[in-house]
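Engineer: Just a sequence and a predicted model for now, questions to come.
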Protein chains: 4
Amino acid sequence: MQPKVRSDDLTFTEAARRKQIVAAAIDTIAEVGYTKASFAKIAQRAGLSSPSLISYHFADKDELIGQVVAEVCAAGGEVVRPHADPAASSSDTLRAYVEGSIAFYDTHRRHLRALMQILNGHPHARERWVNAANSAELDSIEQLLARGQRDGEFRSGFAPHAVAMILRDLLAGALLRLLGTPDLDVSAYTRELVALCLHSVEPVS
Amino acid sequence: MQPKVRSDDLTFTEAARRKQIVAAAIDTIAEVGYTKASFAKIAQRAGLSSPSLISYHFADKDELIGQVVAEVCAAGGEVVRPHADPAASSSDTLRAYVEGSIAFYDTHRRHLRALMQILNGHPHARERWVNAANSAELDSIEQLLARGQRDGEFRSGFAPHAVAMILRDLLAGALLRLLGTPDLDVSAYTRELVALCLHSVEPVS
Amino acid sequence: MQPKVRSDDLTFTEAARRKQIVAAAIDTIAEVGYTKASFAKIAQRAGLSSPSLISYHFADKDELIGQVVAEVCAAGGEVVRPHADPAASSSDTLRAYVEGSIAFYDTHRRHLRALMQILNGHPHARERWVNAANSAELDSIEQLLARGQRDGEFRSGFAPHAVAMILRDLLAGALLRLLGTPDLDVSAYTRELVALCLHSVEPVS
Amino acid sequence: MQPKVRSDDLTFTEAARRKQIVAAAIDTIAEVGYTKASFAKIAQRAGLSSPSLISYHFADKDELIGQVVAEVCAAGGEVVRPHADPAASSSDTLRAYVEGSIAFYDTHRRHLRALMQILNGHPHARERWVNAANSAELDSIEQLLARGQRDGEFRSGFAPHAVAMILRDLLAGALLRLLGTPDLDVSAYTRELVALCLHSVEPVS
DNA sequence: AATGAATGAGTGTTCATTCAT
DNA sequence: AATGAATGAACACTCATTCAT
């Protein structure tokens, strides 16, 4: 509580310190999990002289974690979501979405591992920070599928909402795989994943 | 380290106590998460007089958690794995495997929530307790897929290993969905999921 | 939170430890004040090996403080309150009440110093622990004064409620004096105080 | 210890800043108590950019608190003390002293609440800052009482010193009452209080 | 004259574990 | 077989104060 009269504009050094701490927090959480990621460990990783320096820059642990989540979401913001380009075919949009997601997961494993740890360790993380984004993403997929059905590009025998969920869950499962299998052949995995997705929605013959 | 080092000669009461404690641990972990599931809370839920009773019956927390994982795996052991009945078609086997898995997840949410919490909270849970089982399951799927391809029942254009992983991950994602969506329409979800799986492997015709 | 399944019956040793800790808390609070009376200092004074032993025996600081207040109130319970003995004259009852209060303050300075520190340092102490007792005491005085007026023993020109408050406040002031003046001539003080009280309520003649 | 050691040559701005800080300290202490009145809270209330500004203007917390006490005492300096006007009767002087004190308490509750908090929270406040003033006040009362006795205006049966103390304590108790009872009927209370004081010292007739 | 950044001791509380009984 | 008592490290967080600028 010491500093901050809350001037919503941050000093240069302040901003830098916060970034540094958030980065160290991401690494620490990714490595030891949310609940074991104490200020002491984070401070040590950041090379700070004392854990209290974190308390100095963040109101409490929740604010720090919130920043971590924000950082991760910012990184994936534009990528992880089907881009509704009317010019592109639904198939291509779907393919781009799946490929983009996996690529993002692949290049941001540390971020996403931290995010998963937070989601599992923090009692209110989901409702507070990611539920909204998830719903939006789900809607985007559903609309994409519905469009594909309307255009006759996708088979009409499935319920867009249920399949959207399944596709989303498929990506969630893929993320788990990626995080748990450091030496995964990502391009092969992606290739088959895309093929599977497309096969599963395309007309039967 | 007062109690048994060997697990062979467990007293009857000893075995009963351990089961009781493991059950309480599952409930507690499912409810509050692995890291917040202290001996105190587990003992309270089990109606024990003191947390030290847990230390008395288990060498340390890791042994208890190991037993919890074992219990959960035992519950799902026979179910969660494609049953290679040579008489059945590959499609039907696959369908049975997927449906069986989801059904098991649905009826054992508490167990699986606990398991997920442990996998996410314990630094070495995966390598120590579940990697082997996962590999075995993965192999079963892969063999099923290969058989289907050999028999011409499945399209031949995919790599059995990669697709096996993806199917496995799809189920992992489904589990996450189930745990996070208490009021999910499970039968609709299952129906679409099975359809998607079959579509994705069947010949293009 | 560690122990206690809350069996409302205390072990012998448990009860002894709690008494010991409460006693050390009283001494510590009396000496350094409520807010500076940390578990560390209390534990040190009680000769405990660690502050956490206090947390082991009391749910939190509030429970400990509550016990301290209870102990002090128990000590003064019967004393500090006018005893409505119908056989005694109102004057004698009043005299006994005032003398008894002062005597109690005198012999329990440490307890009362601790109580005052708590009342001043704890945000909710008054409403939680002593308001009820205070009101009851005030009522007793008021009734005594009213009786004295009815019997013609006291002059009729005062409002019993207001004067009851003033008498109560007079004792509060006396307590402050006693606590602030270790070498006070208590018997002289008491003598004059009683005289003053009686003079102030007796008929003008 | 960067700033002034001497208090003679205070810059104009310096003096203004100190006043501002002292005022904020009074409000803060009155509201949250001495021990919880951190530099951070005081600085925030004063609209300062940083708690360190307080350290800059005051050697340490004690110096600030000393100034707070001085400010409060200055406010009540002339009021709270019987004014030995030889022309007035002792009764009237006494009445004026009591009425004036209560009136002052009533109109300066915030100041006096802060003062009480300090006296109760600071280990050496009394001896360091107020004992002298209290003794002086006590002497004044004692002399007034003695004069009244000499003049035959007061009954001769009491010890001026002891009764002076008691009157002083009565006012202390009244202050506590005032601070603890925001909606007290002050004029009724004062009326009875004055009556009680006069009755208690006047001749029995 | 002022300030943002930093510091390290201190706060109450939780924890898995030990040990004598 | 079981238990109440105890322990000390760890936790997030607050504090008055220092210091370079």
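Structural biologist: On my side now, so go ahead. Just so it is clear, the structure is predicted and the values come from calculations on it, not from any experiment.
Engineer: Which parts of chain A are helices?
Structural biologist: For chain A, helices defined by DSSP state H occupy the ranges A:12-32, A:39-46, A:52-57, A:61-76, A:90-107, A:109-121, A:125, A:131-150, A:160-180, A:186-201.
Engineer: so which of these comes closest to chain B?
Structural biologist: Distance to chain B, taken as Cβ to the nearest Cβ, is lowest for helix A:160-180 among the helices of chain A, at 3.2 Å. In this view, the C-beta of every residue, glycine as well, is placed from N, C-alpha and C.
Engineer: And the closest one, what's buried?
Structural biologist: Buried positions in helix A:160-180, judged by neighbour count with 16 or more other Cβ atoms under 10 Å in any protein chain shown: A:160-180.
Engineer: With stretch A:67-78 instead?
Structural biologist: Buried residues in stretch A:67-78 (16+ other Cβ under 10 Å): A:Q67, A:V68, A:V69, A:E71, A:V72, A:A75, A:G76.
Engineer: Show me chain A divided up by domain.
Structural biologist: Domain segmentation of chain A under automatic domain parsing yields A:12-72, A:73-201.
Engineer: burial measure for A:V204, as a count.
Structural biologist: Counted by other Cβ atoms under 10 Å in any protein chain shown, the residues lying close to A:V204 total 9.
Engineer: before we move on, the earlier item: B:A23: which of the buried residues of stretch A:67-78 is nearest?
Structural biologist: The closest of these to B:A23 turns out to be A:V69 (Cβ to Cβ; 34.3 Å).
Engineer: Show the pLDDT at the closest one.
Structural biologist: Turning to A:V69, the model gives it a pLDDT of 95.
Engineer: what does A:A136 give?
Structural biologist: So A:A136 comes in at 89 (pLDDT).
Engineer: Count the residues that sit near it.
Structural biologist: A:A136: 10 neighbours (other Cβ under 10 Å).
Engineer: Could you measure from A:G173 over to chain D?
Structural biologist: The spacing between A:G173 and chain D, counted by Cβ to the nearest Cβ, to the nearest Å, is 48 Å.
Engineer: right, I mislabeled it, should have said A:A24
Structural biologist: Note on A:A24: its distance to chain D, by Cβ to the nearest Cβ, is 25 Å.
Engineer: ok now do A:I166, which residues does it touch?
Structural biologist: Going by Cβ atoms under 8 Å, 6 or more residues apart in numbering or on different chains, A:I166 touches B:L170, B:G173, B:A174, B:Y189, B:E192, B:L193, B:L196.
Engineer: Pull the number of nearby residues for the residue lying closest to A:T190 once chain neighbours are set aside.
Structural biologist: The spatial neighbour of A:T190 that comes closest, neighbours along the chain excluded (Cβ to Cβ, 6 or more residues apart in numbering or on different chains), is A:I102 at 4.9 Å. Neighbours of A:I102 under the rule other Cβ under 10 Å: 21.
Engineer: Is it correct that A:I102 is in contact with A:Y189?
Structural biologist: Yes - contact status for A:I102 versus A:Y189: in contact at 7.4 Å, counting by Cβ atoms under 8 Å.
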